[in-house]
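Student: return a 3D structure for these sequence lines:
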Amino acid sequence: MYFETKLGALYNGDCLEVLKGLPDNCVTSIVTDPPYGISFMGKKWDYQIPNVEIWKECLRVLKPGGHALVACGTRTQHRMAVNLEDAGFELRDIIGWVYGSGFPKSLNIGKAIDKLQGNEREIVGKTVKCPPGLNKGLTIGKGWAGEFPDTKGNSKWEGYGTALKPSMELWTLCRKPLSEKTIAANVLKWGTGGLNIDGCRVVINPEVDDKRLGGKGSWSSDKMAKNVYEGGYVGERVGSSEQGRFPANLIHDGSKQVMQLFPDTRNRGHFPKNSGGIGTDSGIYGKGVGKDQEEIWMDNGSAARFFYCAKASRSERGKGNNHPTVKPLKLIEYLCKLITPPSGVCLDPFLGSGTTAIACEKLGYNWIGIEINEEYCNISKHRIENVSKKKDALDAFFE
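Tutor: This next block holds a predicted model:
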């Protein structure tokens, strides 16, 4: 063992070997961001995706009915899913994580052809390039930072490239087969098999959402509640739902680039004229606008409000964390909460800089993390210690 807290343990080593030392059915969920097999930034650890043998060990230590969420890029997602399935996991869904911070890596074909043919290109401007998170004024001339000319050629291939801007990663949602005949029986025996739907609902915004949502307003359910004695429908008053929206298989980061992709949407209803849409007996399922009715728009705004938003804080990465693929903590917290039952144990066999462990520490889940790179283990240890100390201090304050 490399490091432990009250809730979890971090192992520095090959995940396959560490997993072989864990007992059967000892964890209740797996949330992990493994190598994608795309040689990201030339890193050796990203030369290939985890093989079937590793996922078989993950399956063995996971309780029957336990879920796993495994991240991957769009280019190798199919290979990741196939390996998980070949190991014995049941594929249940894919959660798309949409973000605006992706950096395009596309070859300018027109420029490459001009270089090959020795053609001159017109200088039309300049671009200051700088590594993310660093001050542009301090990094000019260091490495790939600096001012670079923007040029334009006359080749018919000008404007052609080789890749799109990365803006989405995919999380495979899979499950270890049940040991019991029903979900209910499996949950009672192992405490696994379900998703935390209510705990992961999308919060309703009363400023833009339907007046009947979020605890404000009411309406008649004349199309909803049948009166068996009178043979018709009664217009019973129904209060607004205080539950959030049902969690979807899409999550976004709330960035300007992503928000622009969502259309503005509006919901409408039919109500007696001058009613304002509240306190009417028209019901929520109308047959159209009648002569004494009017059409009222109940809510409007970006369709992004229907999906969970996992924004990353500016200070989240933290001093000394140079891991190149850090995921937003809010995203990992949400995913851990979705598939980890109360008092559960969450496993991350590719812990990296420790975000899954930090999420579990904040949520109060037990966790097991495995990371082969000692440098990243040191980063994880530092980040986890900071969260653990803050949590201990907060618990002591309320004792």
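
Student: helices of this protein, start to end?
Tutor: Along the chain, the segments classed as helices by DSSP state H run 15-20, 52-61, 77-87, 109-117, 136-139, 183-190, 256-259, 329-339, 355-363, 374-398.

Student: what average pLDDT does the fourth one get?
Tutor: Computed over helix 109-117, the mean pLDDT rounds to 92.

Student: what is it packed up against?
Tutor: Contacting helix 109-117 under the criterion 3 or more C-beta pairs under 8 Å, 6 or more residues apart in numbering; DSSP states H and E is no other helix or strand. All C-beta atoms are positioned from the backbone trio N, CA, C, and that covers glycine.

Student: least trustworthy helix or strand in this protein by mean pLDDT?
Tutor: helix 136-139 (a mean of 43; mean pLDDT, DSSP states H and E).

Student: what bits of this protein have low per-residue confidence?
Tutor: Applying pLDDT under 70 to the chain flags residues 1, 39-47, 128-146, 205-242, 266-300, 313-326, 388-399.

Student: neighbours of residue 49, how many?
Tutor: For residue 49, the tally of surrounding residues (other C-beta atoms under 10 Å) stands at 22.

Student: skipping adjacent residues, who's closest to it in space?
Tutor: Of all residues not flanking residue 49 in the chain, residue 37 sits nearest, at 4.0 Å (C-beta to C-beta, 6 or more residues apart in numbering).

Student: ok, back up a step: of the helices of the chain, which is nearest residue 32?
Tutor: Residue 32 lies closest, by C-beta to C-beta, to one member of the helices of the chain: helix 355-363, at 6.9 Å.

Student: the closest one to helix 329-339, inter-axis angle?
Tutor: 70 degrees (axes from the mean of the first three to the mean of the last three C-alpha atoms, to 10 degrees).

Student: report all helices and strands that helix 355-363 contacts.
Tutor: Contact partners of helix 355-363 among helices and strands, from 3+ C-beta pairs under 8 Å, 6+ apart: strand 8-12, strand 27-32, helix 329-339, strand 345-348, strand 366-371, helix 374-398.

Student: out of the ones you listed, which one sits most buried?
Tutor: Each of the helices and strands packed on helix 355-363 was scored by mean neighbour count; the highest is strand 345-348, a mean of 28, by mean count of other C-beta atoms under 10 Å.

Student: strand partners (parallel or antiparallel) of that one?
Tutor: With DSSP bridges as the test, strand 345-348 is paired with strand 27-32 (parallel), strand 366-371 (parallel).

Student: using TSV, lay out those together with distance to residue 64.
Tutor: What follows is those, written out as TSV (distance: least, C-beta to C-beta, whole Å):
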stretch	distance to residue 64
strand 27-32	10
strand 366-371	18
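
Student: distance of residue 262 relative to residue 170?
Tutor: Distance, residue 262 to residue 170, using C-beta to C-beta, to the nearest Å: 19 Å.

Student: do you know how far residue 169 is from residue 263?
Tutor: Counting by C-beta to C-beta - residue 169 and residue 263 are separated by 23 Å.

Student: hey, what's the residue lying closest to residue 307 once chain neighbours are set aside bridged with?
Tutor: The spatial neighbour of residue 307 that comes closest, neighbours along the chain excluded (C-beta to C-beta, 6+ apart), is residue 250 at 5.0 Å. For residue 250, the residues forming beta bridges with it (DSSP bridges) are residue 96.

Student: isn't residue 250 up against residue 94?
Tutor: No. Look at residue 250 against residue 94 with C-beta atoms under 8 Å: they stay out of range, at 9.7 Å.

Student: can you count the residues close to residue 70?
Tutor: Residues lying near residue 70 (other C-beta under 10 Å) number 26.

Student: what is it paired to in the beta sheet?
Tutor: Residues in beta-bridge contact with residue 70 (DSSP bridges): residue 32, residue 172.

Student: domain map for the chain?
Tutor: 3-101+166-200+308-398, 109-152, 218-246+259-304 (automatic domain parsing).

Student: could you tell me the end-to-end distance of the second one?
Tutor: Using C-alpha to C-alpha, to the nearest Å, one end of domain 109-152 lies 12 Å from the other.

Student: residue 57 contacts residue 20, doesn't it?
Tutor: Yes. Assessed by C-beta under 8 Å, residue 57 is found in contact with residue 20 at 6.2 Å.

Student: in terms of neighbours, single out the busier of the two.
Tutor: Comparing residue 57 with residue 20 by other C-beta under 10 Å, the one with more neighbours is residue 57, at 20 against 12.

Student: nearest residue to that one other than its sequence neighbours?
Tutor: residue 19 (3.9 Å).

Student: got a list of what the one you found touches?
Tutor: 54, 57, 58, 60, 61, 349, 370 (C-beta atoms under 8 Å, 6 or more residues apart in numbering).

Student: please convert the buried members of those residues into PyMOL selection syntax.
Tutor: Selection command for PyMOL covering only the buried members of the contacts of residue 19, criterion 16 or more other C-beta atoms under 10 Å:
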select buried, resi 54+57+58+60+61+349+370
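
Student: for the contacts of residue 19, name the two members farthest from one another.
Tutor: Among the contacts of residue 19, 60 and 370 lie farthest apart (C-beta to C-beta), at 14.4 Å.

Student: could I have stretch 156-163 exported to PDB, CA atoms only?
Tutor: C-alpha atoms of stretch 156-163 as PDB (Å, rounded to 0.1, in the frame of the first residue of the first chain):
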ATOM      1  CA  LYS A 156      -7.200  24.300 -53.800                       C
ATOM      2  CA  TRP A 157      -6.600  22.300 -50.600                       C
ATOM      3  CA  GLU A 158      -6.300  25.500 -48.500                       C
ATOM      4  CA  GLY A 159      -8.700  25.100 -45.500                       C
ATOM      5  CA  TYR A 160      -8.600  21.300 -45.500                       C
ATOM      6  CA  GLY A 161      -7.500  19.500 -42.400                       C
ATOM      7  CA  THR A 162      -7.300  16.100 -40.900                       C
ATOM      8  CA  ALA A 163      -9.200  16.200 -37.600                       C
END
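
Student: roughly how far does the spatially closest residue to residue 347 that is not a sequence neighbour sit from residue 338?
Tutor: With sequence-adjacent residues excluded and distances taken as C-beta to C-beta, 6+ apart, residue 347 is closest to residue 27, at 4.3 Å. Noted for residue 27: a distance of 16 Å to residue 338, by C-beta to C-beta.
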